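[1] Attaching a predicted model along with its sequence, questions to come.
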Amino acid sequence: MRIVLVGPPGAGKGTQAALLAQRLGIPHISTGDLFRANLSQGTELGRKAKAYMDEGRLVPDEITVGMAAERMARPDAGHGFVLDGFPRNIAQAEALDKLLRETGQTLDAVLDLEVPEEEVVRRIAGRRLCRTDSSHIFHVQYNPPRTDGVCDVCGGELYQRDDDREETVRKRLEVYREETEPIIGHYRAQGLVRTISAQDGVAEVTDRALAALPVRD
Ligand code: ADP
Ligand code: AMP
C-alpha cells in the first residue's frame, strides 16, 4: 500500500502516519523527520535544511526530492510506505509521479486530513517531540506522556520544535496554503484523494483513515 498524507502543519500527519505504518506493516517516511535526524547528526544536508526550516519555508526541491527518493529506494519500502510531509509542492508531486513510473509503482491513496486552523494552532502550540526519534509525537494536553518531558516509547527527552514558535507557524500555514494545497488538485485529477475529517481523537481519525483506503485484493 502506497499512501500520501496531506494536510496543514499540525493536522496530525506524523501521528497518523506512525499508526497507519504500524497497522499496515510498511515504513513511515517523513521528510521533516529525515531533516531533523540529519540536523541532530550534524550532516551537511541538515545544515543546509536548517536555515529554511527555521524560517518556515520549504527546503529546496533539489535537496528534498533526492533525500526522499533515497529513502523510498531502501528495501523496507519495497512493499509500500506512508509518505508524511512529502510531496509538498507541485514540482515534488511531479518528481514523485516520475519516480514511481520509472520503478513500476503506483500510489493507492492520498489522504487529505482536514482540521480547522484554530485547532491546528492549538495542536502545534502543545506539540512535543522526542529528541532521540522525532516520529515519537506527544501533546501536553491531548496526548501527554506518562512522565512529564519523557518519551513513552524510548525514554528520550521531549522538546518543543524551534519552528513551532508562533511567527514561524504563521509562515508555515501560509506556505501550506500557497504551495502544498495545490497538490490536492493534482492528485484529485488522478482519482486518488480521500478527504477525511481529522478533528476528532487520534483513534477515531485512524479508523477513518483505514476505512478510506482502497480494498486490497
Ligand atoms: P503534523 O505531522 O501534521 O504536523 P502531528 O502528528 O505532529 O502533526 O500532530 C500535531 C500535534 O497534535 C501533536 O502534538 C499531536 O500529539 C497532536 N495531535 C495529533 N492528532 C491529534 C488529534 N486527533 N487530536 C488531538 N491532538 C492531536
Ligand atoms: P514537518 O516536520 O513536516 O512539519 O516539516 C518541518 C520543516 O521541514 C518544514 O517546515 C520544511 O522547512 C521542511 N520540510 C519537510 N518536508 C519538506 C518537503 N517535502 N519539502 C520541503 N521542505 C520540507
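    Noted; the coordinates are in hand. Residues are numbered from 1 along each chain as shown. Ligands and ions are numbered 1, 2, ... in the order given.
[2] what are the phi and psi angles of the residue nearest to the spatial centre of the chain?
    Note on the chain: the residue nearest the mean C-alpha position is residue 84, at 2.7 Å, using CA atoms, centre = their mean. As for residue 84, its main-chain torsions (degrees, to the nearest 10) stand at phi -130, psi 110.
[3] That one and residue 29 touch, don't they?
    Yes. Using CB atoms under 8 Å, residue 84 makes contact with residue 29 at a distance of 6.8 Å. (Glycine included, C-beta is placed from N, CA and C.)
[4] need the contact list for residue 187.
    Contacts here follow CB atoms under 8 Å, 6 or more residues apart in numbering; on that basis residue 187 touches 4, 6, 93, 107, 110, 193.
[5] Repeat that for residue 206.
    Neighbour list for residue 206: 16, 19, 20, 23 [criterion: CB under 8 Å, 6+ apart].
[6] Report whether stretch 41-59 contacts ligand 2.
    Yes. Applying CB under 6 Å from any ligand atom, one finds stretch 41-59 touching ligand 2 at 52, 53, 56, 57, 58, 59.
[7] brain fart, stretch 16-27
    No. Stretch 16-27 lies out of reach of ligand 2 by CB under 6 Å from any ligand atom, never closer than 10.0 Å.
[8] Distance from that stretch to the middle of the chain?
    Offset of stretch 16-27 from its chain centre (CA atoms, centre = their mean, to the nearest Å): 12 Å.
[9] quick revisit: list only buried entries from the contacts of residue 206.
    Burial by neighbour count, judged by 16 or more other CB atoms under 10 Å, picks out 16, 19, 20 from those.
[10] Cool, thanks, talk later.
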